[in-house]
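>>> Prediction below, plus the sequence it came from.
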Amino acid sequence: MMSDAADRWNARYADAADSVPEAARVLQQGAQWLPACSPEAPLDALDLACGRAGNGQWLAERGYRVTAWDVSERVIEQIAQRRPALIAHCEVRDVSSQPPEPDSFDIIVVARFLDRALCPAIAQALKPGGVLFYQTFTHGLSNDDYMLRSNELLDLFDSLNILEYHEPEPDASGKAEAQLVARRP
């Protein structure tokens, strides 16, 4: 049986044409923290709760072997049908009930998604030396459950070494997103 979240996201993507969004600011601005990758030694990246997989596409264009997970069957179908197919593996996956396995990825990107209970599994899913890029709301949403409290992202990933952290004030629209780049020791 499909979850309410999957129903909601499938409806959102059902009538919209596939388009690749720009990568999250945290990934673009923190690109210097990406581990070196080559065709001979590709690294594994996860675009978790990927939406249209703008982050995954951005990483794939730079040579990373990308896995994209989202609860929406519709958006995963759209990503899988893109040509050229840059995302190595697309999967319909409710990450809250099926988190990533420990020591699985060199890079994990999470943008505009928050499940606090999942954060320890995300940290453990990084291989030693792996890097997390995380960006999500601190202001501007109607449901406080999906917004971080001040400095909360630092606490949620306190097992990682913080490389960069930004928590801006809300913009003119009243929205703001914290940005974290952290490495697993």
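Good, I have the coordinates. Numbering: from 1, shown residues only.
>>> So for this protein, the centremost residue is which one?
V110 (2.0 Å; C-alpha atoms, centre = their mean).
>>> In contact with that residue, which residues?
Taking C-beta atoms under 8 Å, 6 or more residues apart in numbering, we find V110 in contact with L48, A49, I122, L132, F133, Y134, Q135, T136. Where C-beta positions appear, they are placed from N, C-alpha and C, glycine not excepted.
>>> Number of residues surrounding the fourth one?
Looking back up the chat, that one is L132. 27 (other C-beta atoms under 10 Å).
>>> Assign a three-state SS to it, would you?
Secondary structure, DSSP: H, G, I helix; E, B strand; the rest coil: L132 is strand.
>>> got the contact list for it?
Listed by C-beta under 8 Å, 6+ apart, the contact set of L132 reads 107-110, 122-123, 126, 157, 160, 180-184.
>>> Next secondary structure element downstream of the helix or strand in which Q135 is found?
Using DSSP states H and E, Q135 sits within strand 126-139. Next helix or strand after strand 126-139 toward the C-terminus (DSSP H and E): helix 152-156.
>>> Buried residues of that next one, list them for me.
E152, L153, L154, L156 (16 or more other C-beta atoms under 10 Å).
>>> mind checking pLDDT for the first one?
Going back to what we said before, that points to E152. With respect to pLDDT, E152 scores 97.
>>> give the contact list for it.
E152 touches A178, counting by C-beta under 8 Å, 6+ apart.
>>> With the third one instead?
Neighbouring residues of L154 by C-beta under 8 Å, 6+ apart: I162, Y165, L180.
>>> rewinding a little: ok, so of the contacts of L132, who is nearest R65?
For these, the residue nearest R65 by C-beta to C-beta is I107; the value is 10.0 Å.
>>> which of the contacts of L132 are buried?
Buried among those (16+ other C-beta under 10 Å): 107-110, 122-123, 126, 157, 160, 180-184.
>>> out of these, which are inside strands?
I107, I108, V109, V110, L126, L180, V181, A182, R183 (DSSP state E).
>>> In these, find the pair that's most separated.
Applying C-beta to C-beta across these, the maximum distance is between V110 and R183, 15.0 Å.
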